[in-house]
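# Make a model of this:
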Amino acid sequence: MNREEAYLKMFTSAASMQLNIAVILEAKAMEAEKLQAWILNHVDSNIFDSQQSQLNQSLQFHDMVLETIEGITKVNQSMVSILKAILDKEEASEGFAGMEGGFGNNLSFGDRKQ
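Now for the predicted structure:
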């Protein structure tokens, strides 16, 4: 497998991961809507012994949401690392140096003067 095929495979994997993340987020959004409806219909301040227990229950709900967001953020950060490795400026300038204009310092806009 040459370098271009490896890069293509990495990009394809990254796109697949993004699709899977979108599906997960969609499922989590639906789950959150169901949880919201359940909370609005079943959780009332009268069922708690004190305001402290009501606060603790609310904090548990928020912790679940934050854990989901944190997990998705970690996955996206790892994907950014992968894409940065692929799109490293040095690699891009070496790989495309033969093309007109190239990348990096070789970028040309024709005879246009500034």
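
# Next, the buried residues of the helix or strand containing Gly71.
Element membership of Gly71, judged by DSSP states H and E, is helix 51-86. Neighbour counts over helix 51-86 (16 or more other C-beta atoms under 10 Å) mark 54, 79 as buried. Heads up, the C-betas are built off the backbone N, CA and C, glycines and all.

# start at 48 instead
Sure thing, new numbering starts at 48, so read that last one as helix 98-133.

# Which neighbouring elements make contact with it?
helix 50-89 (3 or more C-beta pairs under 8 Å, 6 or more residues apart in numbering; DSSP states H and E).

# tell me the angle the helix it packs on makes with helix 98-133.
170 degrees (axes from the mean of the first three to the mean of the last three C-alpha atoms, to 10 degrees).

# Pull out the buried residues from helix 50-89.
So helix 50-89, judged by 16+ other C-beta under 10 Å, has buried residues 61, 75.

# Now do the contacts for the residue nearest in space to the middle of the chain.
Centroid-nearest residue in the chain: Asn123, 3.4 Å away (criterion: C-alpha atoms, centre = their mean). Contacts for Asn123 (C-beta atoms under 8 Å, 6 or more residues apart in numbering) come out as Ile68.

# just the one 3 residues further on next, same as before
With contact set as C-beta under 8 Å, 6+ apart, Met126 has these partners: 61, 64-65.

# and what of Met48?
Lys56.

# sorry, back to before: report the rounded mean pLDDT for the helix holding Gly118.
Mean pLDDT, helix 98-133: 84.
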